[in-house]
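# sharing a model prediction with you, sequence too.
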Amino acid sequence: MRLHLVELILFSTYAELRAERARSYLGLLWWIVEPAMNMSVYYLVFAVIFRIGGPDYIPFLLIGLTLWQWFKSCISHGGYSIWQQLPLIRQVKLPLQVFPSVQILADTVKFLCILAILLVVLWSTGYPPTAAYVALLPVLLVELIFVAACTYVVAAVVPLVPDLRFIIEQVLQVVMFLSGIVFSLDGLPPALRRWFELNPIVELVDAGRGILMRGEWPDWFALGRVALISLALYAFGSLLITRLTPRYVKLPT
Amino acid sequence: MSDPIIRLENVGVAFNAQLRVGSPRFWALEDVSLSLAPGDRLGVVGRNGSGKSTLLRTIAGIITPDRGRLTRAPVSCQLLSLALGFVPHLSGRDNAVLSGLMLGLRRREIMQRLPAILEFSELGDFFDQPISSYSTGMTMRLGFSVAMQVEPDVLLIDEVLSVGDTEFQQKSGDALRERIHGGTTVVFVSHGDAQIRQVCDRALWIEHGRSMMQGPVDAVLAAYHAAASPASAPLAGP
């Protein structure tokens, strides 16, 4: 990639975060407050009202939601980015991968802030850091590639079928429940659970929970498989954007 | 005459009329041919909806033709657009950097040119204020000052020759004319005969997406006006 595009993506990310801060009274505080409120709601509903889970349910839920929110916010911000920038795209020639990439980076910065707080919460509630923390880096890197891949694909398709906006949120909701974010998939029969594990999010969240709660090293084979799938999907998404670019500029205003 | 840097042969561009399955396509450009040599200053005339803006964006490489042939030497094209990618909550300075990056400048190049942008735009202390606090004229001044920092091989201008209040209009017009007459290849779309005569050394008339005539400015303008108002054609002078 040309260096000037890297500069454009980085500066746009800075601009995006900066503008977001200026758009509300509490500014940056919302990065923390919004996910905290979101997590509290799930905690209230599933732990307090429905009394799910055992003693480990709180870290189980917090880790799951933190990793899930990263995925979800990238899709719901980055997925619309090309569609929202159509007026700009009609004015200037740019590789359109820039727009979803900016949103992914901005959401990743926010995710890292929440992750830092999550770690502090875990340490102070009896889940201290272990040597397995080293594995956090590859796990997060693979999740980043997977997140970027899905965001690219959604971003490529939404301009042509803007109606998808109405169903993406619902689909995300279903995927969240199927990914074992709030309910453990351990209760499923093993034959069925194997099918659920084809979902990369299940592998990634499992690996994250293993590292942070039990100091376990991830299943490297499974992680490698997810990495390969993610890279292939990323290449496909990027190619899709490039191939569809001539059609975006011809869409009705 | 040197080899053309951009050549269009029977180029057509189709758009989707509506966002519906099976929506008909309409041809914004039907059949346009032109060639641009380095240093050419081509004026494009035609009525509203004749495809002038689509033609500019095709030359810029933003739109790919659906038929015909477009050949382009490795040259940079800039469609002169003001306030490109501006974000309301950011300062004028940050917006200048952002816009410059989108126009293809390196960050360090923009940083070097910030003082010139600040001076030309006459924004003073407002330069570090969010542009949401700017008047339309101030935003235009900033947009123009940033756009002028790019030095493309081919400059594509859609109507805008000057912006702002009377004083800044003079200044921005002068800067642009200086650029145009400094050897840059220019394609200029305009409704103003006087401006086309002033800026261009050749003209192209397009009608309903077809190139009707290409040649010396006066001859093309005369033919265009004759066709636009046939009744007065016999009386129209050159």
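Good, I have the coordinates.

# beta partners for the residue nearest the centre of chain B?
Centroid-nearest residue in chain B, with C-alpha atoms, centre = their mean: residue B:157, separated by 1.8 Å. Judged by DSSP bridges, the bridge partners of residue B:157 are residue B:188.

# so it makes contact with residue B:189?
Yes. Applying C-beta atoms under 8 Å as the test, residue B:157 and residue B:189 come out as touching, 6.8 Å apart. (Glycine included, C-beta is placed from N, CA and C.)

# what are the ranges of the helices in the chain?
As the question left the chain open, I've gone with chain A. Per DSSP state H, chain A has helices spanning A:3-22, A:29-42, A:57-78, A:81-84, A:86-89, A:98-124, A:136-157, A:165-178, A:190-196, A:200-214, A:220-248. These are given in chain order.

# the chain in question should be chain B.
Secondary structure of chain B (DSSP H): helices located at B:52-59, B:92-102, B:107-121, B:136-147, B:166-180, B:193-199, B:217-228.

# got the CA positions of the second one in CSV?
Read that as helix B:92-102. Listed next in CSV are the C-alpha coordinates belonging to helix B:92-102 (Å, rounded to 0.1, in the frame of the first residue of the first chain):
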residue,chain,number,x,y,z
GLY,B,92,-9.5,24.4,9.9
ARG,B,93,-5.9,23.1,10.3
ASP,B,94,-6.9,19.5,10.8
ASN,B,95,-9.4,19.7,7.9
ALA,B,96,-6.6,21.1,5.7
VAL,B,97,-4.4,18.1,6.5
LEU,B,98,-7.3,15.7,6.0
SER,B,99,-8.4,17.2,2.7
GLY,B,100,-4.8,17.4,1.4
LEU,B,101,-4.3,13.7,2.2
MET,B,102,-7.4,12.9,0.3
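
# ok, now how distant is residue B:226 from chain A?
From residue B:226 over to chain A the distance is 33 Å, taken as C-beta to the nearest C-beta, to the nearest Å.

# what pLDDT does that residue get?
According to the prediction, residue B:226 has pLDDT 87.

# same deal with residue B:173?
At residue B:173 the predicted local confidence, pLDDT, stands at 85.

# tell me where the model's unsure across chain B.
In the predicted model, chain B carries pLDDT under 70 at residues B:1, B:161-162, B:230-238.

# which parts of it sit against chain A?
B:13-19, B:57, B:60-64, B:77, B:79, B:81, B:84-85, B:87-90, B:94, B:97-98, B:101-107, B:130 (C-beta under 8 Å from any C-beta of the partner chain).

# now a ChimeraX select for only the buried ones of those residues.
Under the burial definition 16 or more other C-beta atoms under 10 Å in any protein chain shown, those of these that qualify are selected in ChimeraX by:
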select /B:13,14,15,57,60,61,62,63,77,79,81,84,85,87,89,90,94,97,98,101,102,103,104,105,107,130
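
# returning to that earlier point: and the gap between the residue nearest to the centre of chain B and chain A?
When residue B:157 is compared with chain A (using C-beta to the nearest C-beta), they lie 13 Å apart.

# now do residue B:197
For residue B:197, the distance to chain A - C-beta to the nearest C-beta - is 28 Å.

# which residues does that residue contact?
Contacts here follow C-beta atoms under 8 Å, 6 or more residues apart in numbering or on different chains; on that basis residue B:197 touches B:217, B:218, B:221.

# what does residue A:92 give?
Neighbour list for residue A:92: B:62, B:79, B:81, B:84, B:85, B:102, B:103 [criterion: C-beta under 8 Å, 6+ apart].

# of the residues you listed, closest to residue A:81?
Within the contacts of residue A:92, distances to residue A:81 taken as C-beta to C-beta reach their minimum at residue B:85, with 12.8 Å.

# where does chain A come near chain B, residue by residue?
Counting by C-beta under 8 Å from any C-beta, the residues of chain A lying close to chain B are A:3-4, A:7-8, A:11-12, A:15, A:18-19, A:22-23, A:88-94, A:162, A:246, A:249-252.

# so what's the residue count around the closest residue to residue B:137 other than its chain neighbours?
Take residue B:137 and drop its neighbours on the chain: the residue closest to it by C-beta to C-beta, 6 or more residues apart in numbering or on different chains is residue B:164, 5.0 Å away. For residue B:164, the neighbour count with other C-beta atoms under 10 Å in any protein chain shown is 21.

# repeat that for residue B:138.
Residue B:138, neighbours per other C-beta under 10 Å, totals 20.

# OK, contacts around it?
Neighbour list for residue B:138: B:121, B:123, B:126, B:131 [criterion: C-beta under 8 Å, 6+ apart].

# the last one reaches residue B:93, doesn't it?
No. Between residue B:131 and residue B:93 there is no contact under C-beta under 8 Å: 9.8 Å.

# between the two, who's got more neighbours?
Set residue B:131 next to residue B:93 and count neighbours by other C-beta under 10 Å: residue B:131 wins out with 24 against 18.

# pull the contacting residues for the more buried one.
B:86, B:87, B:88, B:90, B:91, B:92, B:95, B:138, B:139, B:142.
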